[in-house]
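> build me a structure from this.
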Amino acid sequence: MKILYSCLSKSWGGMEMFTLTAVKQLHKKNIQAELVCIKESRIHIEANNRGIITHPIKASGYFHPFSILKLASIIRRGSYHLIHTQASKDLWLLVPALKILDSKIPLILTKQVGSGIAKKDTFHKWIYKRVTFALAISNVIKKNLLDTCPLEESKVLLLHNGIDTSRFNPDKVDKEKVRMELGIKENEIAIGMLARFSPGKGHEEFLFAARELNLKYNNLKFIIVGEASRGENDYEESIKKSAKEYGLNKIVFTGYRSDTPEVLAAMDIFVFPSHSEAFGIALAEAMAMCKPSVCSNSDGVLDIAVDGETSLLFENKNSNDLAAKISRLIDSPEIRLKLGKNARVRAVNKFDLEILTERTIEIYNRAERKNN
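This is a model prediction of the structure:
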């Protein structure tokens with residue numbers, strides 16, 4: 001089997017990172033997989049670094065005649081068995097390219113983010129009719145697909161994003177390495193979040209909670225992992241400015257880190273305060289690392305965390321409730337241990353990358369049978 005992946009994005013976040021993970025997983029299964037991406041984008045650079053065959057084009061999304069012709073040429077020369085895109089915008093180039101070629105190969109869409117716009121006009125019906133299956137990464141995304149897109153329910157399948165639970169394994173990681181690097185003392189409780197700097201990720205609530213908790217405890221260290229995405233540097237600076245205004249001296253902004261398991265291992269409590277997350281790969285990774293978590297009670301988080309079993313859920317956007325739930329974990333090492341152990345079990349059983357890759361391949365085979 002030979003697959004063409006598509007992710008025509010200039011940003012660098014969960015969708016782009018998971019695209020590369022998915023391609024490399026297929027390589028491990030001896031399936032050829034190549035990538036169409038935006039020329040000189042971050043995903044293009046990272047894919048080249050990982051030895052993935054790329055087909056860079058200049059235009060992304062919606063209607064670009066020259067890019068459609070370029071895509072048609074790539075598809076014709078590649079003799080692919082199936083195309084899998086991670087972004088619905090890519091359909092506006094892929095579907096016309098397939099129509100030009102009169103190609104019947106299956107077209108899979110993974111929906112990574114929800115849409116607030118109804119897409120049931122005549123042209124969208126033409127675009128989505130060509131989709132063989134649409135994969136939703138969470139139940140909230142599945143509902144969004146059915147509500148906003150002209151897709152039959154039989155075409156919409158639930159398939160969570162997966163995580164490498166072998167790599168994200170606390171037994172294989174030195175917890176003290178990053179704690180020493182970040183200056184976390186033995187008696188300090190490290191409370192961290194991991195997200196790109198973007199409005200809606202919950203940085204404001206995290207900082208507010210940190211300020212409130214510092215009034216009650218003197219042994220806390222706060223960690224914010226991540227970098228600004230394209231065009232969001234001003235937002236990152238505003239968050240760092242707020243931290244100074246709050247007088248948060250014991251806070252570390254690490255920037256982007258590729259050693260995510262080690263960084264998570266350094267934390268005692270993981271916080272996931274996102275306002276509206278389609279899935280939340282960082283949360284699943286933290287759970288695989290046996291980390292007790294405090295999460296917003298919204299959207300895709302509800303597919304991952306179980307309140308009182310793996311995590312404590314707080315009212316979305318409610319900084320006071322967030323602080324209160326973190327305080328419960330600070331006060332109880334026993335609850336932290338229980339939640340962390342349960343989190344690891346759930347991550348391995350529900351979100352293991354190997355299991356979900358096999359399910360993806362099953363869907364590919366099903367799509368091929370459907371189109372024959």
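
> what helix or strand is the closest residue to residue 100 other than its chain neighbours located in?
Spatial nearest neighbour of residue 100, chain neighbours left out: residue 72 (4.7 Å); criterion: C-beta to C-beta, 6 or more residues apart in numbering. Placement of C-beta: from N, CA and C, glycine included. Using DSSP states H and E, residue 72 falls within helix 65-78.

> which strands or helices does whatever helix or strand comes next after that helix pack on?
Later in the chain than helix 65-78, the nearest helix or strand by DSSP H and E is strand 82-85. Under the contact definition 3 or more C-beta pairs under 8 Å, 6 or more residues apart in numbering; DSSP states H and E, strand 82-85 sits against strand 2-7, helix 91-101, strand 107-111, helix 353-371.

> switch the cut-off to 6 Å
Strand 82-85 makes packing contacts with strand 2-7, strand 107-111 when contacts are defined by 3 or more C-beta pairs under 6 Å, 6 or more residues apart in numbering; DSSP states H and E.

> re the thing from before, mind checking how far the residue nearest to residue 100 is from residue 251?
Relative to residue 251, residue 72 is positioned 51 Å away (C-beta to C-beta, to the nearest Å).

> likewise residue 216?
16 Å.

> same deal with residue 96?
Distance from residue 96 to residue 251, by C-beta to C-beta: 49 Å.

> can you check residue 114 too?
31 Å.

> quick one: residues contacting the residue nearest to residue 100.
97, 100, 101 (C-beta atoms under 6 Å, 6 or more residues apart in numbering).

> out of the residues you listed, who's nearest residue 33?
residue 97 (18.3 Å; C-beta to C-beta).

> mind listing what that closest one touches?
68, 71, 72, 75.

> what's the most distant pair in the residues you listed?
68 and 75 (10.6 Å).

> convert stretch 196-209 to PDB, retaining C-alpha atoms only.
C-alpha atoms of stretch 196-209 as PDB (Å, rounded to 0.1, in the frame of the first residue of the first chain):
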ATOM      1  CA  ARG A 196       1.500  26.500  22.300                       C
ATOM      2  CA  PHE A 197       0.900  30.200  23.100                       C
ATOM      3  CA  SER A 198      -2.500  30.800  21.500                       C
ATOM      4  CA  PRO A 199      -5.700  32.400  22.900                       C
ATOM      5  CA  GLY A 200      -8.000  29.800  24.300                       C
ATOM      6  CA  LYS A 201      -5.300  27.500  25.600                       C
ATOM      7  CA  GLY A 202      -5.900  28.700  29.200                       C
ATOM      8  CA  HIS A 203      -2.700  30.500  30.000                       C
ATOM      9  CA  GLU A 204      -4.600  33.300  31.700                       C
ATOM     10  CA  GLU A 205      -6.400  30.900  34.000                       C
ATOM     11  CA  PHE A 206      -3.200  29.000  34.800                       C
ATOM     12  CA  LEU A 207      -1.400  32.300  35.800                       C
ATOM     13  CA  PHE A 208      -4.400  33.400  37.900                       C
ATOM     14  CA  ALA A 209      -4.500  30.100  39.700                       C
END
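
> thanks a lot, see you next time.
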